[in-house]
Structures are given as C-alpha cells and as structure tokens.
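Chemist: Just the structure for this:
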Amino acid sequence: MKRIIKEWIKHHDYHFHLASPFINISCRWSLCILLLLNGCSIQDYRPTPLPLYMNESGPPIADAPPPNAFSAETRATSVPSETLAEPKELTLNQAVQTALKSDPRIKAALENINQAEADLITAGLIPNPQINTDIQLMPLNRSFTADRQGGPPQFDFNVAMPVDWFLFGKRAAAITSGQYGVEASAADFANTVRLRIAATIAAFYDVLEMQAMLDLAYENQRNLIKMEQIILKRVALGGVGTIEADRIKLSIFSSHREVHARELDLVSAFNQLRTLLGIQANIPIKVKGTLEINTLAKPIEAETAFKLAEENRPDLSALRRQLDKADSDIKLEERRAYPQVIPGIGYTRQFQQQAIGFPDANSWMAGINLTVPIFDRNQGNIAKAKSIKTQTQYNLQAQLVDLRAEIDQAAKTFASSYQFLTNDDPGQLEAARNVRDKITQAYELGGKTLIEVLDAQRAYLETYRVHINGRSSYWHALNQLNAVIGKEVLR
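Modeler: Modelled structure (predicted):
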C-alpha cells in the first residue's frame, strides 16, 4: 500500500502546480483516503522464529502439517488392506519427526499462535465510521401550508468517524501489545515442542529398555528349560533325586511369570510411545535402535548448564515476552483513559416550499462528540494491567528458581550415570556369564549342586539387569539434561 501511495504521488506531482484549487483539494482528499485504507489493512506480523529444541532451523510444522501417516484416511487410500497389520519400524529421529507432525497436542499448541495473530489483526483495525440518517418535523394531524405553517420537514444525513485511536496512540499501543502476544505464543509453542520431543525420546528408550528386559527374561527361561533337561537325564540315571526336578520346575514357573510381567511392561511402553506419536488406530509399531554406547559424553557443570538454559529455554523466553506485553498493556490502558473523539459532518435538505412558502434549501453541518473522563478514567484496567506485570515478574523469578533446581538434578543424574558406566560396570557382565556357564558345566559333571547353579543364574540375571538399567539410565539422563537446557548440548 505504501508503494502504491508513493507511485501515485510521483505520477501526479507534476500536476499539482498547474491544477486548480479544486484539483489540489481532490488530490489531498484522495491521499487521505489512501492513507486510511492503508491503516485499515490487516497486520501481517510474524515474530522472529525461535529455534526449536533439536531443530535449530525452526518448526517443521509451522505452516501446514503433513497428514498423519498413521491416520485412518491415509491407510484407507494408500495402504492395501492386507498390509494394515504390518508393523511400522521407527528410528529415534523418525519417531521424533512423526511426533512433531502427528501429535495433536502440538497442533493444538500451534493454534495459540494463530489466535494471537488474530488478536493482532483485531488490534490493528480502525473503528468503523458511523452513519446517521433521519427525516423529521413531518406533519402529524394536518398538512403544512404557507397559510398553516409548520416544520418545515427536513432530511438529515450525517457521517462521523472516531479519531482518538490516532490522536492518542490507542491503535499503535494495541498493535504493540498484540505483537508481544504473538511472540509469547510462539515461545509457548516452542516450549510445548521441547517437552513433547523430550517425552518422545524418553518413551523410545523405555521401549528399548523393556525389549532388552524381555529378551533377558526369554534367555533365562531357555536356560532353565535346558537345565531341566539335564536334571531329568540325571534323575533317570539315578544321579540326583526328584526333588531337584521339582525345584527346577518351580524356577521355570517363576520365569514364566517374569516373561509375562516384562511383556506387559513392553506393551505399556509401546502404548506410551504411540500416544506421543499421535497414532489412533491399532497399528503395530517397532523401534529400531540400541542401548549400546559408542562414546561417552562428558558431564558438564551445573552452572554452565544453567547459563545455557537461560539463553535457550523457550518457557523463559515466553515469560520475558509476557513481561514485555504486560508493559505494553499498561501503556495501552493508560491511552484508553483518554476521551473518545468523534468528529462528523452532515447534510440537511429542508422541504420549505409547501410548509412555509420558501424555496427548498440544502445545508451542511460539522460537529464533534467527545467523552469527558472525569469519573471513569480506566482506573480499574490500569491497576489490573500493573498487577499482571507484577504477577509475571514473580512467575519469571519462580521459574528461574525451579530451573536451577531442575538443572542441578539433571546434571547430577547424568554425572552419576557417567560415573557408573566408567567405573562400576565394565567387566561385570562377562564375569557373571562365565561363572554361570562354568557352574552349569560343573553341575553336568556332578561337581556342583543345583542351588549353586540357580544362584549363579540369579547373579547373572541381576548383573545383566544392572547392565541394561545403566545404559538406559545414561540415555535417559543425557536427553533429559539436553531437554532441561533447551538445546542439544550432549550427544
């Protein structure tokens, strides 16, 4: 619009000094109309995009999210019916991207930005002009004539336009407040994405951990069944009594219960992951990954992590933008305390010929209406805006206090996981496996008792569980620390 105005002025500039006063007045009115139209244009404002957690270039779903790959509509149109039960295998990155594109909570959070932009559009709109028309002094019980005068009847047409939005900066203050509202909503959206990504990663590693635990339970069950075959052979040869066969059966029953419990844990972990991925239909999924660690990431100091979090946490950015918005809201409410100013012009046609014998006449009027802020000076809304600012300041202080505790906990948890993997874990699993295998072989030769075999098996199971928990805890702690910081610092 501004470009159009400049081109229009440039095109008509050489006519101004030659034109009549009427042409000059017309040009000025035309320019005023164009400026008003420019003021009525929709405010197209986009805040500087915040870097999303694990995606520095911004959200992949900022415009229009692609359709859910697991939705019923997509399956019905693009997937043959015989392949509906085929599992969907996902890597960690694919799981995160699927959550970003398909999680309805992320899509719902995105609508908050659209709503804030809609509020900004409303803030930038100029008030509509007011039109008033009437016909008055009409004869009621007799006609008006020159001998029996009355009236005379007249027709009025008045146009009024509020200008206080321009005189006192009300519209500009509302636009500023709306812009901060959009920025705060964008920061809230970035924080929602951070939390959902962190939850997706945690659920992904929960599935890997439960799969490893289930595999271990199956391995224990197979070993006990092999041991049962050995015992039954020895019982048949008279090497041991039947009590050992009964004892191994009890251990096998216990292993069955362990397998069922681990299966339920795995189903629960998968359901949690499905929820975060936004999968509504009963489509089986698989995860592709491992708990093994190639290179250990070194811990960082809690103070360093806190400084990084202050710079990168979107929830802190949201509170700071809310604080800016609170400042602008105070200014907005103070400007709204100024009076309403509504100038207007009007046209009147008086029908005098029949009523009083004079010719009909045209006339015009100009006036102004304004409120006088004596009692209502918007005191309540101003006080409320100031209270909201104070409340936002306290919320920001509380968030910083919570953040320091959260950072300290996450940093120490990761340091503990790192310490365990570097000092306590190496070599234990292999030693426990060797002890189990040697005692089992010795039992076959009659050199060990069944109790010693079962003790060795339990020691191996506990050591393996610690091995799995240690690696799972490491990945959980690493990703939790990254999420708390708001940036992928550790890899």
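Chemist: Please verify my assumption that Val182 contacts Ile121.
Modeler: No: contact criterion CB atoms under 8 Å: Val182 and Ile121 do not qualify, at 10.4 Å. Yep, even glycine has a C-beta here, placed from its N, CA and C like the rest.
Chemist: more crowded one of these two?
Modeler: Val182 (24 against 16; other CB atoms under 10 Å).
Chemist: Please identify which helix or strand holds that one.
Modeler: Take DSSP states H and E as the rule and Val182 turns out to sit in helix 170-237.
Chemist: which other helices and strands contact the next helix-or-strand element following that helix?
Modeler: Sequence-wise, the next helix or strand downstream of helix 170-237 (DSSP H and E) is helix 242-277. For helix 242-277, the packing partners by 3 or more CB pairs under 8 Å, 6 or more residues apart in numbering; DSSP states H and E come out as helix 92-102, helix 170-237, strand 285-287, helix 450-485.
Chemist: what about Ser328, distance to Asn112?
Modeler: Ser328 sits 19 Å away from Asn112, going by CB to CB, to the nearest Å.
Chemist: my bad, should have said Thr176
Modeler: The gap separating Thr176 from Asn112 is 19 Å, by CB to CB.
Chemist: Same drill for these two, tell me which one is more crowded.
Modeler: Each of Thr176 and Asn112 has its neighbours counted (other CB under 10 Å); Thr176 has more, 20 against 17.
Chemist: Can you report how many residues neighbour Leu264?
Modeler: Leu264 is flanked by 12 other residues according to other CB under 10 Å.
Chemist: Now the closest residue to Ala305 other than its chain neighbours: which helix or strand?
Modeler: Leaving aside its sequence neighbours, Ala305 sits nearest to Ile407 (CB to CB, 6 or more residues apart in numbering; 4.9 Å). Assessed by DSSP H and E, Ile407 sits inside helix 379-419.
Chemist: Now that helix: average pLDDT?
Modeler: Average pLDDT, helix 379-419: 95.
Chemist: so after that helix, what's the next helix or strand?
Modeler: Where DSSP H and E defines the elements, the next helix or strand beyond helix 379-419 is helix 428-444.
Chemist: Next, the contact list for the most centrally placed residue in the chain, please.
Modeler: By CA atoms, centre = their mean, the mean C-alpha position of the chain lies nearest to Phe189, the distance being 2.8 Å. By CB atoms under 8 Å, 6 or more residues apart in numbering, Phe189 lies in contact with 59, 109-110, 112-113.
Chemist: try 7 Å
Modeler: Contact analysis of Phe189 by CB atoms under 7 Å, 6 or more residues apart in numbering lists 109-110, 112-113.
Chemist: would you turn the helices and strands packed on helix 242-277 into JSON lines with distance to Pro153?
Modeler: Listed next are the helices and strands packed on helix 242-277 as JSON lines, based on distance: least, CB to CB, whole Å:
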{"stretch": "helix 92-102", "distance to Pro153": "69"}
{"stretch": "helix 170-237", "distance to Pro153": "40"}
{"stretch": "strand 285-287", "distance to Pro153": "81"}
{"stretch": "helix 450-485", "distance to Pro153": "77"}
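Chemist: Confirm Asp156 sits in a strand?
Modeler: Yes: judged by DSSP: H, G, I helix; E, B strand; the rest coil, Asp156 forms part of a strand.
Chemist: Report pLDDT for it.
Modeler: 96.
Chemist: What about it, how many residues nearby?
Modeler: Residues lying near Asp156 (other CB under 10 Å) number 16.
Chemist: swap in Thr242?
Modeler: By the measure other CB under 10 Å, the count of residues near Thr242 is 10.
Chemist: I'd like the distance between it and Asn482.
Modeler: In terms of CB to CB, Thr242 sits 57 Å off from Asn482.
Chemist: do the same with Leu125
Modeler: Going from Leu125 to Asn482 by CB to CB gives 43 Å.
Chemist: same question, Asn112
Modeler: Computed as CB to CB, the Asn112 to Asn482 distance reads 25 Å.
Chemist: still on that earlier bit, so which of the contacts of Phe189 is the most crowded?
Modeler: Of the contacts of Phe189, with other CB under 10 Å as the count, Ile113 tops at 22 neighbours.
Chemist: That one: helix or strand, and which one exactly?
Modeler: Using DSSP H and E, Ile113 sits within helix 104-124.
Chemist: try Ile131
Modeler: Using DSSP H and E, Ile131 sits within strand 130-136.
Chemist: cool, and Pro127?
Modeler: Assessed by DSSP H and E, Pro127 sits outside every helix and strand.
Chemist: residue ranges with poor pLDDT in the stretch 1-150 of the chain?
Modeler: The stretch 1-150 of the chain contains residues with pLDDT under 70 at 1-52, 54-87.
Chemist: mind running it again at 50?
Modeler: Within the stretch 1-150 of the chain, the ranges that satisfy pLDDT under 50 run 1-31, 33-42, 57-85.
Chemist: mind checking how far stretch 301-308 is from the chain centre?
Modeler: The chain centre lies 25 Å from the centre of stretch 301-308; the measure is CA atoms, centre = their mean, to the nearest Å.
Chemist: pLDDT averaged over it, what's the number?
Modeler: On average, stretch 301-308 scores 94.
Chemist: How many residues are close by Asp246?
Modeler: 10.
Chemist: Need the per-residue pLDDT for it.
Modeler: 82.
Chemist: From Gln229, how far out is it?
Modeler: In this view, Asp246 and Gln229 are 15 Å apart by CB to CB.
Chemist: Leu125 and Asn482 - which one has more neighbours?
Modeler: Asn482 (24 against 15).
Chemist: Kindly indicate whether the nearest residue to that one once chain neighbours are set aside is helix, strand or coil.
Modeler: The shortest distance from Asn482 to any non-neighbouring residue, by CB to CB, 6+ apart, is to Glu488 (5.1 Å). Under three-state DSSP, Glu488 falls in the coil class.
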